[in-house]
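I'll drop the sequence and a predicted model, then ask my questions.
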Amino acid sequence: MRSYYKQKAFTLLEVLVALAILTMGLGTVIKVAGGQASQLGYLKNKTIALWVANNKANEIQLAEWPATGTSSGHEFMANQEWRWKARVSNTADKDLRRLDIEVNQANEANEEGEPVIRFIAFTGKRSNKNETK
């Protein structure tokens, strides 16, 4: 006997397999989105810390010839407080000094933790001679 009825619906097994595949796909999408959100916060902090370090290096470079040694302080940027530590040291060239600047968020509990950014710059001794040609 020929059957005139055609199947018009999915079986329960087909529906369960489709839901399992959908669940795995959505789980992966959620995991990737969470990772990207975490990276966004990390990159934001890294960028702001770099600005703080760059500003501090520019301040030191624009001031008079810096003395060797270590200094530290706090800066406010992007509605956050940042803690910086700058070390000025000599180089092989007597007219060049090295600046090592580390920046941390000021609200971190661990004062000696890994800095958000380490920034290295150099500053040269300015010549007092007026050179006119």
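Received it, and whenever you're ready, just let me know what you need. Residues are numbered from 1 along each chain as shown.

what strands flank the helix or strand harbouring residue 99, and is each parallel or antiparallel?
Here residue 99, judged by DSSP states H and E, is contained in strand 96-105. Strand pairing for strand 96-105, determined by DSSP bridges: strand 80-90 (antiparallel), strand 117-124 (antiparallel).

tell me which of those strands sits most buried.
strand 80-90 (a mean of 17; mean count of other CB atoms under 10 Å). For glycine as for every other residue, the C-beta is placed from the backbone atoms N, C-alpha and C.

can I get it in CSV? Just the C-alpha atoms.
The C-alpha trace of strand 80-90 is given here as CSV (Å, rounded to 0.1, in the frame of the first residue of the first chain):
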residue,chain,number,x,y,z
GLN,A,80,41.5,57.8,37.5
GLU,A,81,44.4,58.3,39.7
TRP,A,82,47.7,56.9,38.4
ARG,A,83,50.9,56.3,40.4
TRP,A,84,54.2,56.9,38.5
LYS,A,85,57.8,56.2,39.4
ALA,A,86,60.6,57.7,37.4
ARG,A,87,64.3,56.8,37.5
VAL,A,88,66.9,59.0,35.8
SER,A,89,70.2,57.4,35.2
ASN,A,90,73.5,58.1,33.4
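
how about the helices in this structure?
12-62 (DSSP state H).

so where is the chain shaky, pLDDT-wise?
Low-confidence segments of the chain (pLDDT under 70): 1-7, 108-112, 128-133.

which residue lies nearest the spatial centre of it?
residue 46 (1.9 Å; CA atoms, centre = their mean).

just checking, residue 78 touches residue 50?
No. Counting by CB atoms under 8 Å, residue 78 sits too far from residue 50 to count as a contact (11.7 Å).

pick out whichever of these two has more residues nearby.
Remark: of residue 78 and residue 50, residue 50 carries more neighbours, 15 against 12, as counted by other CB atoms under 10 Å.

related to what we said a few turns ago, so which of the strands paired with strand 96-105 gets nearest residue 70?
With CB to CB as the measure, strand 80-90 is the member of the strands paired with strand 96-105 nearest residue 70 (4.8 Å).
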